[in-house]
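Chemist: Dropping the sequence and predicted coords here.
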Protein chains: 2
Amino acid sequence: MRPLAGYRSGMGRPVTLVQLADVEAAAARIAGHVVRTQLVPWSDGDRDRPLWLKPENLQVIGAFKIRGAVNAVAALDPEARARGVVTHSSGNHAQALALAARRHGVKAHVVMPTTSPAVKVEATRALGADVTLVPPAERATRVAELVAEHGYTFIPPFDHPDVIAGQGTIGLEIVTDLPEVATVLVPVGGGGLVAGVATAIKARAPQVRVIACEPELAGDVADSMRHGERRVWPVDQTYRTIADSLRVSVGELTWEHIRARVDGVLTVSEDAIRAAVVALATRARLVAEPGGAVATAAYLEHRADLPPGPVVAVVSGGNIDPALLASLLAG
Amino acid sequence: MRPLAGYRSGMGRPVTLVQLADVEAAAARIAGHVVRTQLVPWSDGDRDRPLWLKPENLQVIGAFKIRGAVNAVAALDPEARARGVVTHSSGNHAQALALAARRHGVKAHVVMPTTSPAVKVEATRALGADVTLVPPAERATRVAELVAEHGYTFIPPFDHPDVIAGQGTIGLEIVTDLPEVATVLVPVGGGGLVAGVATAIKARAPQVRVIACEPELAGDVADSMRHGERRVWPVDQTYRTIADSLRVSVGELTWEHIRARVDGVLTVSEDAIRAAVVALATRARLVAEPGGAVATAAYLEHRADLPPGPVVAVVSGGNIDPALLASLLAG
């Protein structure tokens, strides 16, 4: 990665942004370890703005996170591989890193909050990871202790160049499969996905608009864009959105990519998110988690505001509680 | 199509079976009109018999039926195209033929039973077809009248060589995408899908086993195979299965393909079908209708009886009543 000449972050430190070559290297590393997902047409889109879905809910572990995790593990040098990796996550990144590590014969340790659903803890253990449960406030400290004690490499859920580069492979695939695409809608939580996708697309096809999509109730990226600097929303505010995977605020590194490369942000209501989960299930026959449906919700709520031309919405994950899906479908 | 030398049907008439060349011609005709669906890996399959899904629920109109319908319409000569097509169906074939006809600028007329859900009637009309509602017993008569009156070509839901050849393109795609496949599991109702898939696979890769899968409560193919002749089960018996799209019995022409080319049949319980719909939604993030989940149910219930090697289960459709999906997910 080359530092951008003269480019400085909001915090005054020079920032090195991920480049197209990093995403291309990631694509080579993850091939064979992930599903090369295929665009699915949406049947009742706008005539001038037909919609395609990038179904990362059909990805290994049911979410795009495996891409960044595999890239980060595969990029480790032999010494680091021998020592192992660690992360903290209660969500899709926990299973993604566990599986990526197992595939590469690397030891994985995942620190999860004691509030995690037992099913997620068991799923992470089933993939071969050691799991330590700690009170939510102690996660970062515990990770630091494990790094100091065992020499593990910390692979965070989004704020890491190899993770961003891995998620960016989705952008490469979109412009390869649909060269005429005009707009790409991407859910944003921590920002690894949209940072990577924008990196790939703005380098390969700069005319394509990349739009971050988030719940109004976790609208920290819209807030950050309005103010020209990163704004973090406290979780006691963002927990109100149904889109649990997007409650986290954008990271420092991902924010620098977003402000340099993302064209805009759309926020969506809770009603639109719920309606999008139902529409994906009934009209596209895809099961999406609420956070995974936010880009589709943005299309359904705001498509009249998009420029003409084909639109791709990334369906970023499908790990929804079956009882929640049942209640949404029952109306 | 060449008649099979010396091959005679159970009814004593010589039978012309669909050949590989017909399926290859169908593949060329339907390219660009249908989704080239991609195999999706199932994460917790048997180690010796890993499972892949062929997700035709992601197909245009949410079911494989569009393949046969497009092939049949595209194969019409100009005079027949100018006159139009007719069918009777209350299911996926109605919308498939309506859409196929519209794509080719051909008039379509669909005879539907008065018992059809209004939503299916409206969906068929929305695709540009004329719809006539008649009492269920009068469907065939009404089609014959329309053929006599307007010179329409009758495109039945399954018992037609062009329809079988169109569905067979799924078999070509499976052996192209997974050459090491050992077993292919295919839902069977009228039999157009399994007849076509077996035709393609037995010609291209004769070592692959093609297994028809059906509900025990609509077990006419198992019954027919046991007796060496086609057995029709009355609908007042088969209506008891939740797999509404498989309640119809196998056709005359499709049966001749099945007995010549299909290696076996597996029947599944209603509990297994319900469990497969839930497993597809929660573990593969795919919405399947009960009939579309029957091959997956056969894998989950009978995989220990399958030969070792990779298995493909065709998920044939995803048009399930949202309220039914909700109640299955709620348990």
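Modeler: Good, I have the coordinates. All of these numbers come straight from a predicted model, not from anything done at the bench. Numbers count the residues shown, from 1 in each chain, chains lettered A, B, ... in the order given.

Chemist: Which parts of the stretch 101-250 of chain A are helices?
Modeler: Per DSSP state H, counting those that start in this stretch, the stretch 101-250 of chain A carries helices over the ranges A:118-126, A:139-150, A:161-177, A:192-204, A:220-227, A:235-238.

Chemist: Report the distance from the fifth one to the chain centre.
Modeler: I take that to be helix A:220-227. 18 Å (Cα atoms, centre = their mean, to the nearest Å).

Chemist: Show me which residues of the stretch 51-200 of chain A sit near chain B.
Modeler: Contact residues, the stretch 51-200 of chain A versus chain B (Cβ under 8 Å from any Cβ of the partner chain): A:P55, A:N57, A:L58, A:V60, A:I61, A:G62. C-beta here means a position set from N, CA and C on the backbone, and glycine is covered the same way.

Chemist: If we use 10 Å, what do you get?
Modeler: Proximity of the stretch 51-200 of chain A to chain B (Cβ under 10 Å from any Cβ of the partner chain) is limited to residues A:L53, A:P55, A:E56, A:N57, A:L58, A:Q59, A:V60, A:I61, A:G62, A:A63, A:L99, A:A126.

Chemist: Is it possible to get a markdown table of those that adds secondary structure and neighbour count?
Modeler: Output for those, formatted as a markdown table (DSSP: H, G, I helix; E, B strand; the rest coil; neighbours: other Cβ atoms under 10 Å in any protein chain shown):
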| residue | secondary structure | neighbour count |
| --- | --- | --- |
| A:L53 | strand | 25 |
| A:P55 | strand | 29 |
| A:E56 | helix | 28 |
| A:N57 | helix | 26 |
| A:L58 | helix | 25 |
| A:Q59 | coil | 27 |
| A:V60 | helix | 23 |
| A:I61 | helix | 24 |
| A:G62 | helix | 26 |
| A:A63 | strand | 27 |
| A:L99 | helix | 26 |
| A:A126 | helix | 12 |
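
Chemist: and A:A28, how many neighbours does it have?
Modeler: A:A28: 11 surrounding residues under other Cβ atoms under 10 Å in any protein chain shown.

Chemist: Show the contacting residues for it.
Modeler: Applying Cβ atoms under 10 Å, 6 or more residues apart in numbering or on different chains, we find A:A28 in contact with A:N71, A:A74, A:T169.

Chemist: ok so, going back, of the residues of the stretch 51-200 of chain A next to chain B, closest to chain B?
Modeler: A:N57 (4.3 Å; Cβ to the nearest Cβ).

Chemist: Return the per-residue confidence for the closest residue to that closest one other than its chain neighbours.
Modeler: Spatial nearest neighbour of A:N57, excluding adjacent residues (Cβ to Cβ, 6 or more residues apart in numbering or on different chains): A:G318 at 2.9 Å. A:G318 is assigned 96 on the pLDDT scale.

Chemist: what do you get for A:T238?
Modeler: 93.

Chemist: Can you verify my assumption that it contacts A:G189?
Modeler: Yes: A:T238 is in contact with A:G189 according to Cβ atoms under 10 Å; the separation is 9.2 Å.

Chemist: Find residues that contact each of these two.
Modeler: Counting by Cβ under 10 Å, 6+ apart, the residues touching both A:T238 and A:G189 are A:E214, A:P215, A:A218, A:D220, A:D244, A:L246, A:R247, A:V248, A:S249.

Chemist: on that earlier part again, can you pick out the residue with more neighbours from A:T238 and A:G189?
Modeler: The neighbour comparison of A:T238 against A:G189 (other Cβ under 10 Å) goes to A:G189, with 30 against 22.

Chemist: Without its sequence neighbours, what residue ends up closest to the more buried one?
Modeler: Nearest residue to A:G189, sequence neighbours excluded (Cβ to Cβ, 6+ apart): A:L246, at 3.8 Å.

Chemist: How about A:V188?
Modeler: Setting aside the residues directly before and after it, A:V188 is nearest to A:A212 in space (Cβ to Cβ, 6+ apart), at 4.0 Å.

Chemist: Over to A:A74?
Modeler: A:R29 (4.2 Å).

Chemist: gap between the one you found and chain B?
Modeler: 19 Å (Cβ to the nearest Cβ, to the nearest Å).

Chemist: Repeat that for A:L17.
Modeler: According to Cβ to the nearest Cβ, A:L17 stands 32 Å off from chain B.

Chemist: Checking my notes, that residue in a helix, right?
Modeler: No: counting by DSSP: H, G, I helix; E, B strand; the rest coil, A:L17 is not part of a helix but coil.

Chemist: Would you check that it makes contact with A:R261?
Modeler: Yes: the pair A:L17 and A:R261 passes the contact test of Cβ under 10 Å, sitting 8.0 Å apart.

Chemist: Quick check: neighbours shared by those two?
Modeler: When contacts are counted by Cβ under 10 Å, 6+ apart, A:L17 and A:R261 have A:A195, A:T199 as shared neighbours.

Chemist: Now for A:L20, how many residues are close by?
Modeler: Neighbours of A:L20 under the rule other Cβ under 10 Å: 17.

Chemist: The closest residue to chain B within the stretch 151-300 of chain A - nearest residue in space that isn't next to it in sequence?
Modeler: Distances between the stretch 151-300 of chain A and chain B by Cβ to the nearest Cβ are smallest at A:R285, namely 3.3 Å. Among residues not flanking A:R285 along the chain, B:G318 sits closest, at 3.3 Å (Cβ to Cβ, 6+ apart).

Chemist: Against A:L146, how distant is the closest residue to A:D162 other than its chain neighbours?
Modeler: Distances taken as Cβ to Cβ, 6+ apart put A:A72 closest to A:D162, at 4.0 Å, once the chain neighbours are dropped. Counting by Cβ to Cβ, to the nearest Å, the separation of A:A72 from A:L146 is 17 Å.

Chemist: domain ranges for chain A?
Modeler: For chain A, the structural domains run A:2-61+A:160-330, A:66-154, going by automatic domain parsing.

Chemist: Now do the strands in the stretch 1-150 of chain A.
Modeler: A:40-41, A:51-55, A:85-88, A:108-113, A:130-134 (DSSP state E, counting those that start in this stretch).

Chemist: looking at those strands, which is buried most?
Modeler: strand A:85-88 (a mean of 27; mean count of other Cβ atoms under 10 Å in any protein chain shown).

Chemist: is it true that the residue nearest to A:D162 touches A:G166?
Modeler: Yes: contact criterion Cβ under 10 Å: A:A72 and A:G166 qualify, at 6.6 Å.

Chemist: Quick check: neighbours shared by those two?
Modeler: Common contact partners of A:A72 and A:G166 (Cβ under 10 Å, 6+ apart): A:A26, A:R29, A:A96, A:A100, A:H160.

Chemist: quick one: which of those residues has the most company?
Modeler: A:A96 (33 neighbours).
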